[in-house]
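Chemist: Take this sequence and fold it.
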Amino acid sequence: MPTRIAIAGAVALAALALCGFAAQDGYFGEPDGRNYGDPQFAGSQALCRAVRDRAPPPQDVPDAATARALKGCSSEALYYGIGMAADPAKARQCAILEMKTGEEPYEPFAGAGMLMTIYANGRGAKKDLDLAVHMACATWSAPVDNDTLVQALDIRRRGGPADEPFDYCRDVVPGSSNVSAPVCLAHEARQAQPVRAAKLAALTQGFSPTARQAYAALNVAEARFVEVRQANEAPPGAMNRGVPLRISEDAQDFHVEQLEQLSGAARVTGLGEHREYDSSLNRIYAVAMGELPPRGPGQLGDITREGVRETERAWIAYRDAWLAFAPLAWPKASTEALAARLTRDRVGQLACILADHDIDPNYAERCSGY
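Modeler: Below you'll find the model as predicted:
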């Protein structure tokens, strides 16, 4: 039988949670919220005010023992099964705790944002679209994102046509703001990480000491190339906030793809193509050096010829590290094809830069860098 102390703890936690849900700051549609009174968002803000006092039912709030067991949890990981088995019910309990005790209680993939998804889909809790709208209004985002999310949920609430299940990154229309695009990219990165790690573990087991040493040097060179490229070749501006992460993710995906081709786990591409791509790289690099602006005093953020030159040097070291490592791990693999793939990838990166600078619209067809 539960003790009085345990019952009191559960009741206190539930009361604290329910009180907190009704008193959060920055609620969309309230005077302390984002873009209060903006006519552009009048409809969605009115919908937010109509559900201002909605809160999870007491049976959905974790008791004190559950709260202790879930200390430090991630509702995102529990809901989507990132690095663990998915458990939507625990995800709901964790999200409620994140709203009360977490450092990011109103993030799209924690706290309010995850409760929005859980109650919208009825996965981990009984479906409650009014409560989902409330959580969408509480979720931190750009005003245009809040507006889009509230409208998307209201369509479902009124029985209108909508893609199911509700999904933040699909329903918010990534790229409509400088918040949702990088948020969704980071979410995708967290989902990809354990899958990629499992592949790497399988692909890199059994290396000889010499190959392992060369592989360690490759990883150092790759990290340096990614760092320099993020600093020098990420386009400036708030709408491009997610590009540095995209550069890192692309490099990690490319890394796994090369190991798969070298090991024979995937079809080999690039055979007989290195000379062609090497010539293309020389041409496109020359255009970049001639057309990009020079780096000015105190200039930060813009892509310049000096920045691209620095990145190119880091790429050469990265390429050479791949070509030194590959024959030690897989002596029969084609390093010529590997060199072609590495060079083709670099051509795509430079093509993106030239296309973004309107130097030649034809480069957009070859862009594959971010």
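
Chemist: Residue ranges in this protein under the pLDDT threshold?
Modeler: 1-25, 175, 298-300, 369-370 (pLDDT under 70).

Chemist: per the record, what domains does it have?
Modeler: 4-171, 206-366 (automatic domain parsing).

Chemist: so where do the strands sit in the stretch 51-200 of the chain?
Modeler: Taking DSSP state E, counting those that start in this stretch, the stretch 51-200 of the chain contains no strands at all.

Chemist: My error: substitute the stretch 201-350 of the chain in the last question.
Modeler: So, for the stretch 201-350 of the chain - with DSSP E, counting those that start in this stretch - there are no strands.

Chemist: which residues in it form helices?
Modeler: Assigned by DSSP state H, counting those that start in this stretch, the stretch 201-350 of the chain shows helices spanning 209-233, 243-263, 274-291, 305-329, 335-356.

Chemist: Out of these, which gets nearest to Pro56?
Modeler: Nearest of the helices of the stretch 201-350 of the chain to Pro56, taken as CB to CB: helix 243-263 at 32.1 Å. From N, CA and C alone the C-beta is placed, and that goes for glycine too.

Chemist: name the helices or strands packed onto the closest one?
Modeler: For helix 243-263, the packing partners by 3 or more CB pairs under 8 Å, 6 or more residues apart in numbering; DSSP states H and E come out as helix 180-204, helix 209-233, helix 305-329, helix 335-356.

Chemist: Next, the angle helix 335-356 makes with it.
Modeler: 160 degrees (axes from the mean of the first three to the mean of the last three CA atoms, to 10 degrees).

Chemist: Would you mind listing the buried residues in helix 243-263?
Modeler: 243-252, 255-262 (16 or more other CB atoms under 10 Å).

Chemist: How about stretch 334-353?
Modeler: Neighbour counts over stretch 334-353 (16+ other CB under 10 Å) mark 334-335, 337-353 as buried.

Chemist: before we move on, what about stretch 110-123?
Modeler: For stretch 110-123, by 16+ other CB under 10 Å, it's 110-121, 123.

Chemist: And the contacts of it?
Modeler: Residues external to stretch 110-123 that are found in contact with it (CB atoms under 8 Å, 6 or more residues apart in numbering): 24, 56, 74-76, 79, 88, 91-92, 94-96, 98-99, 102, 104-107, 124-125, 127-129, 131-132, 135-136, 138-140, 149, 153, 156, 164-168.

Chemist: among those residues, which are in helices?
Modeler: Among these, the members found in helices (DSSP state H) are 75-76, 79, 88, 91-92, 94-96, 98-99, 129, 131-132, 135-136, 138, 149, 153, 156, 168.

Chemist: Burial check on Thr210, number of neighbours?
Modeler: Thr210 has 11 neighbouring residues, counting by other CB atoms under 10 Å.
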